[in-house]
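A.B. asks: Pasting the sequence and the predicted coordinates here, then a few questions.
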Amino acid sequence: MRVLLSTIGSRGDVQPLVALASELRHLGHEVRMCVPPDFREWIDGLGIPVVPVGPGLRAAAARPADPQAPPAPPSPEQLRRAARATVAAQFETVTAAAEGCDVIVAATALQVAARSVAEAMGIPYVFAAYCPAVLPSPHHAPPPLPVPGRPPAPETAGNRALWARDAAHFNDMFGAALDAHRASIGLPPAGDVRGHILTDRPWLAADPTLGPWPGPDGSGVVQTGAWILPDGRPLPAELAAFLEDGEPPVCFGFGSMRVPQDLARTLIGSARALGRRAIVLRGWAGLAPVDDGPDCLSVGEVNQQALFPKVAAVVHHGGAGTTTAAARAGTPQVVIPQVYDQHYWAQRVHRLGIGAAHPPAVPTGESLAAALRHALRPEVALRARAVAARVRTDGARAAAERLAAADPAA
């Protein structure tokens, strides 16, 4: 079987698909990936063919966010033009990438063209979400997605109304472009764009303990467990020595997110206020210590599976992958959500009792120290270790075996 795995997003969107690719290849199947160009070198090095789609993402994330002078939001018409451009690029690129494939797996709801390409080729299509909140349910609201030019939803709006509003946004942004391209290849209009992308039987690649699907078993959602890529890399010598040279430090990292220029000062200051050392993961924003103090260290991309069990707490943005990695390590977390599903993961960390959810705002030294003080309580560490024992590690294997079945959507 030849499989195309496709996504548009940051490393947190790409790495689970690499985990699935690894399991599929272990089962003897051929895999091709369609991902942003930022990840081509990494995936090429794994021996997986890559077709890049869309523009590079890292340059934008590396520009520090300035809360004092935020850029002007795009107008609704600018958003529609960008949507038309990305839909056109997706149809062209995904069509070429899917040539000769037997099934397409798409992750993230911005994969507007993938299902139409599969339909035109007469092959199965599977949509995968990494967070329950991405999938419609009366039990939760959609992830917050501010849209320039659209007034906020009424505070009294229920979940069903919020999901209807979310569907209308997809139709407004992508409907005309999607249907025009479908017509050009002989397909009828899609109708409900979001429903077309997600299908009536989406997969949920999230851990059932951390992110359980709230609906009944017959809801159509297939929860496989999180797709975790095993990482056997040793920690850099400098980092290993730092870890051995004192009490477990606090680890700070924001992955591919943009952050304010002075955030590193706040992060390190909050650790110092509690008498803790600090490790700063530079990420795409290039975070770095503000001085040469021996109590802090800045490192690049490292093996989180090896690092997180050795630290006292992990402070992060709330990406699905980082949340799962910290939970699997049994390490308390402080989540500072910024966008989309990160708010869901912050609340899950809080409700499970394995850390703290910081308000979705730029932290101050005082607010972050308070959240850390809570996360570092002994009872939180005990709870984190208890939850860690329940986190599944076989999600990617389960998904690969299901995909290899005669009907992957069954």
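C.D. replies: Looks like it arrived, so ask away.

A.B. asks: list the buried ones in stretch 124-142?
C.D. replies: 124-137, 140-142 (16 or more other Cβ atoms under 10 Å). Every C-beta, even on glycine, is put in place using the N, C-alpha and C of the backbone.

A.B. asks: name the helices or strands packed onto the helix or strand containing A183?
C.D. replies: Using DSSP states H and E, A183 sits within helix 159-184. Applying 3 or more Cβ pairs under 8 Å, 6 or more residues apart in numbering; DSSP states H and E, one finds that helix 159-184 contacts helix 76-97, helix 114-121, helix 193-198.

A.B. asks: want to throw those into TSV with mean pLDDT?
C.D. replies: Listed next are the helices and strands packed on helix 159-184 as TSV, based on pLDDT from 0 to 100:
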stretch	mean pLDDT
helix 76-97	87
helix 114-121	97
helix 193-198	96
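
A.B. asks: how about the ones you listed in TSV, adding mean neighbour count?
C.D. replies: As requested, the helices and strands packed on helix 159-184 are exported to TSV (neighbours: other Cβ atoms under 10 Å):
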stretch	mean neighbour count
helix 76-97	17
helix 114-121	22
helix 193-198	21
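
A.B. asks: can you tell which of the ones you listed is closest to R233?
C.D. replies: Of all those, helix 76-97 sits nearest to R233, with 28.5 Å by Cβ to Cβ.

A.B. asks: what's the angle from the closest one to helix 159-184?
C.D. replies: Counting by axes from the mean of the first three to the mean of the last three Cα atoms, to 10 degrees, helix 76-97 lies at 60 degrees to helix 159-184.

A.B. asks: now what about helix 76-97, what contacts it?
C.D. replies: Identification of contacts with helix 76-97 by Cβ atoms under 8 Å, 6 or more residues apart in numbering yields 4, 6, 8, 32, 34, 51-54, 74, 104, 110-114, 116-117, 120, 147-150, 172-174, 176-178, 181.

A.B. asks: I'd like the helices and strands packed on helix 159-184 written out as JSON lines, with distance to P360 added.
C.D. replies: Converted to JSON lines, the helices and strands packed on helix 159-184 look like this (distance: least, Cβ to Cβ, whole Å):
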{"stretch": "helix 76-97", "distance to P360": "22"}
{"stretch": "helix 114-121", "distance to P360": "30"}
{"stretch": "helix 193-198", "distance to P360": "24"}
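
A.B. asks: Which of the ones you listed sits closest to E301?
C.D. replies: Of all the helices and strands packed on helix 159-184, helix 76-97 comes closest under Cβ to Cβ, at 25.8 Å.

A.B. asks: so after the closest one, what's the next helix or strand?
C.D. replies: Remark: after helix 76-97, the chain's next helix or strand is strand 103-107, criterion DSSP H and E.

A.B. asks: model confidence over that following strand, on average?
C.D. replies: Strand 103-107 carries an average pLDDT of 96.

A.B. asks: my read is S6 is in a strand, agree?
C.D. replies: Yes. Assignment of S6 by DSSP: H, G, I helix; E, B strand; the rest coil places it within a strand.

A.B. asks: For S298, see how far away it is.
C.D. replies: 34 Å (Cβ to Cβ, to the nearest Å).

A.B. asks: Those two: who's more crowded?
C.D. replies: Counted by other Cβ atoms under 10 Å, S6 and S298 do not tie: S6 has more neighbours, with 25 against 17.

A.B. asks: Could you find the closest non-adjacent residue to that one?
C.D. replies: Distances taken as Cβ to Cβ, 6 or more residues apart in numbering put C34 closest to S6, at 3.9 Å, once the chain neighbours are dropped.

A.B. asks: For R2, see how far away that neighbour is.
C.D. replies: C34 is 13 Å from R2, where distance means Cβ to Cβ.
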